[in-house]
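Sequence first, predicted model second:
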Amino acid sequence: MNDEEKTFQMPECGESDSTTPPPIAPSSASTNQQADKEMSDPCKDRSSTESPSPTDTPEVQEPPLSNSADSSNASPKKQPSKRAKIIIAAVVAIFAIAIIGSMLPCNHEWIEATCTEPKTCSKCEETEGEPLGHDWLDATCTEPRTCSRCGETDGVVLGHEVAEWTITSEATCSQPGSQSGTCTRCGETQTETIPTIAHTEGEWTVTEAPSVLSSGVVVPGTRTLTCSVCGAVIRTEEIDLEVTVSQQNALESALSYLDFTAFSYSGLIEQLEYEGYSTEDATFAADYCGADWNEQAALSAQSYLDFTSFSRAGLIDQLMYEGFTREQAEYGADAVGL
């Protein structure tokens with residue numbers, strides 16, 4: 001086969017045909033044919049639809065298979081929140097500042113030494129020197145030993161010392177007195193109160209006589225002891241009685257007579273003696289029968305006037321004859337209107 005008879009073969013895609021004749025200027029008809037050729041060119045279609053090369057497309061790797069138990073138990077790692085990060089950063093910063101500050105030298109602000117503390121820095125509490133110690137002032141009559149620096153006290157006051165006292169007013173049993181003198185330490189005049197003195201015992205006075213009821217029950221009385229100087233009551237005592245059988249009988253007879261008629265004190269004693277009672281028993285009955293002898297005089301005066309007429313003087317004489325005292329007789333006359 002000669003060269004002219006060789007059949008034209010399509011080049012493989014991407015290959016260039018060295019034997020391809022040089023391009024001919026396209027005509028309108030050839031242009032249309034060229035378009036048809038491009039549309040039917042299998043290389044172009046293959047290149048346009050061909051998938052990208054492995055170098056252009058990232059390789060997708062499948063995750064490794066894991067045990068179902070491990071995957072079910074595994075939990076996602078919790079990341080700290082923004083607020084937690086800020087707090088951690090602040091704490092770290094504070095510690096850093098504290099460490100740096102402790103490494104810096106202190107600009108001391110000294111507090112002066114006192115009696116019990118040395119010179120001390122108010123910032124770092126570093127001390128320098130020794131405490132000053134107390135500067136004691138001696139105790140006085142009114143102040144204990146005192147430090148002149150801090151005012152601390154020690155011990156007790158000395159108290160005033162008076163060598164000689166002068167009495168300015170005497171004490172009595174009712175009023176305290178007073179005395180004055182000069183202190184030998186400080187020279188101040190001191191005044192003291194003199195306590196009241198004891199009472200001077202006087203006489204006992206019966207304030208309420210004991211009485212005996214008709215049943216024989218004794219009602220105690222009272223008596224007081226007074227001071228002979230001021231008259232104040234020093235003490236009070238109860239007066240009690242021991243009643244004998246004969247005294248009890250005389251008392252019952254006296255009360256019976258008084259229920260029947262009026263008697264004077266002496267007239268009642270005479271009547272009881274007439275009944276056979278001793279003078280002691282009759283007197284006891286008259287003393288403790290509880291009679292008001294003025295009232296007895298008034299009753300006796302009325303009894304006389306019911307019987308006959310009397311002048312005032314005659315009635316008083318008659319009552320005194322019955323044993324009433326003049327005061328009792330006059331009281332009786334007054335009671336009946338004379």
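Now that the structure is in, tell me what you want to look at. Numbers count the residues shown, from 1 in each chain.

Show me the shaky parts of this structure.
Counting by pLDDT under 70, the ranges of the chain that qualify are 1-78, 101-102, 214-216.

Show me which parts of the lengthiest helix in it are buried, residue by residue.
In the chain, taking DSSP state H as the definition, the longest helix is helix 82-103. Neighbour counts over helix 82-103 (16 or more other C-beta atoms under 10 Å) mark no residue as buried. All C-beta spots, glycine's among them, are computed from the backbone N, C-alpha and C.

Contacts for it next, please.
Pro80 (C-beta atoms under 8 Å, 6 or more residues apart in numbering).

for that helix, the distance to its chain's centre please.
Put simply, helix 82-103 sits 48 Å off its chain's centre (C-alpha atoms, centre = their mean, to the nearest Å).

I'd like the distance from the next helix-or-strand element following it to the chain centre, please.
Remark: after helix 82-103, the chain's next helix or strand is strand 110-111, criterion DSSP states H and E. Mean C-alpha position of strand 110-111 versus that of the full chain (C-alpha atoms, centre = their mean) differs by 40 Å.

which helices and strands does strand 110-111 pack with?
Packing partners of strand 110-111 (3 or more C-beta pairs under 8 Å, 6 or more residues apart in numbering; DSSP states H and E): strand 119-121.

In terms of secondary structure, what does the strand it packs on contact?
Counting by 3+ C-beta pairs under 8 Å, 6+ apart, strand 119-121 packs on strand 110-111, strand 127-128.

any chance of these in a markdown table, with mean neighbour count too?
Output for the helices and strands packed on strand 119-121, formatted as a markdown table (neighbours: other C-beta atoms under 10 Å):
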| stretch | mean neighbour count |
| --- | --- |
| strand 110-111 | 14 |
| strand 127-128 | 13 |
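
of those, which approaches Tyr277 most closely?
strand 110-111 (105.2 Å; C-beta to C-beta).

what lines up beside that closest one in the sheet?
Using DSSP bridges, strand 110-111 pairs in its sheet with strand 119-121 (antiparallel).

So for the strand it pairs with, what gets flagged as buried?
119-120.

So what's the gap between it and the chain middle?
Counting by C-alpha atoms, centre = their mean, strand 119-121 comes out at 40 Å from the chain centroid.

what comes into contact with it?
Contact with strand 119-121 is made by 106, 108-113, 126-129, as judged by C-beta under 8 Å, 6+ apart.

if we go to 6 Å?
When contacts are defined by C-beta atoms under 6 Å, 6 or more residues apart in numbering, strand 119-121 is touched by residues 108, 110-111, 113, 127-129.

Those: which two are farthest apart?
Spanning the widest gap among the contacts of strand 119-121 are His108 and Ala113, at 13.7 Å by C-beta to C-beta.

Take the helices and strands packed on strand 119-121 and write them to JSON lines, including distance to Thr196.
Output for the helices and strands packed on strand 119-121, formatted as JSON lines (distance: least, C-beta to C-beta, whole Å):
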{"stretch": "strand 110-111", "distance to Thr196": "59"}
{"stretch": "strand 127-128", "distance to Thr196": "63"}
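
And the ones you listed: which comes nearest Glu252?
strand 110-111 (101.1 Å).

Show me the helices in the protein, by range?
Under DSSP H, the chain gives helices at 28-40, 42-49, 68-73, 82-103, 245-260, 265-274, 279-288, 293-307, 312-321, 326-335.

same for the last one, what does it pack against?
It stands for helix 326-335. Judged by 3 or more C-beta pairs under 6 Å, 6 or more residues apart in numbering; DSSP states H and E, the packing partners of helix 326-335 are helix 293-307, helix 312-321.
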